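Visitor: Need coordinates for the below:
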Amino acid sequence: MTDTPATPAKAKLPWFWILPIPVALVLGIVIGMQIAGSGGAGPAPAAAVAPESPSEPEPSATGQRINVERLDPGDPTAVGALDAPVVMVTYSDYQCGYCAKWASESLPELLEAYVDGGRLRIEYRDIMFFGENSRQSAELAVAAGKQGKYQAFHDAIFAKGATAKDADYSEEGIKKLAQRIGVDAKRFVADAEHADTAALVQKNHDEASALGVTGTPTFIVNGRPIIGAQPLDVFVRAIDEELGR
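Guide: Reported below is the predicted structural model:
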């Protein structure tokens, strides 16, 4: 897969709209913990990256919401109805143990209870905090999405708490992965290597940087952030509150 010039970042939105300063400092420390500990030892507790009151999403200091939803009907990495009343943007890295924790503990219920019922749309933005493996994973995810199998790829990589560090991206490994998730292998490889795939991955990464995202996973639910691999009930409360508006 070939790298492309970075897409110019959007105008930076000040992260102090979202998080109190002490939390931002904690997140700066935590990203170092993630790099050291996101492998075989398993993810640290979600509280390590949570806001000070983890049961509630953090409002912005100005009361404004951060509108990063794209609502693009052709988005290959989004799942759920385009007209869903709640949109959750998810900044994640396929090498992140915290992301694997969320994917195994909270995501399945959200898919069944909200996405399948047309009440929640998830726009995944896979980013590259941990280098080339993260980039390759994100590009393969986009390629799977172009065949309507983004969620299948996501679930396969994060199966049983694994991350992309455990994935086999050899030529034979990718063929087996393609078969596992139900995509055409040749097109899977070709789409992953396409310039527009690399551009989308870079765009997502630049967007996260512009927002000041310093740890994964980070979520924005109808413009309101939730930081870290929070328990399921945190997401349920946030989504239900938005549905009640």
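Visitor: Quick one, grab the pLDDT at the residue of the chain most remote from its centre.
Guide: The C-alpha centroid of the chain is most remote from residue 172, which lies 26.6 Å away (C-alpha atoms, centre = their mean). Looking at residue 172, its pLDDT stands at 98.
Visitor: do the same with residue 128
Guide: At residue 128, pLDDT is 95.
Visitor: Leaving out the residues flanking it, which one is nearest to it?
Guide: Using C-beta to C-beta, 6 or more residues apart in numbering and skipping the chain neighbours, the partner closest in space to residue 128 is residue 134 (4.2 Å). To be clear about C-beta, it is placed using only N, CA and C from the backbone, and glycine gets the same treatment.
Visitor: Which stretches in this protein count as strands?
Guide: Taking DSSP state E as the test, the strands found in the chain are 78-79, 86-92, 120-126, 218-221, 224-227.
Visitor: Which other helices and strands does the last one contact?
Guide: Helices and strands touching strand 224-227, by 3 or more C-beta pairs under 8 Å, 6 or more residues apart in numbering; DSSP states H and E, are strand 218-221, helix 232-243.
Visitor: Pick the most deeply packed of these.
Guide: Among these, strand 218-221 has the highest mean neighbour count (mean count of other C-beta atoms under 10 Å), at a mean of 24.
Visitor: on that earlier part again, burial of the residue nearest to residue 128, as a residue count?
Guide: Using other C-beta atoms under 10 Å, the number of residues around residue 134 comes to 24.
Visitor: Please apply the same query to residue 65.
Guide: For residue 65, the neighbour count with other C-beta under 10 Å is 16.
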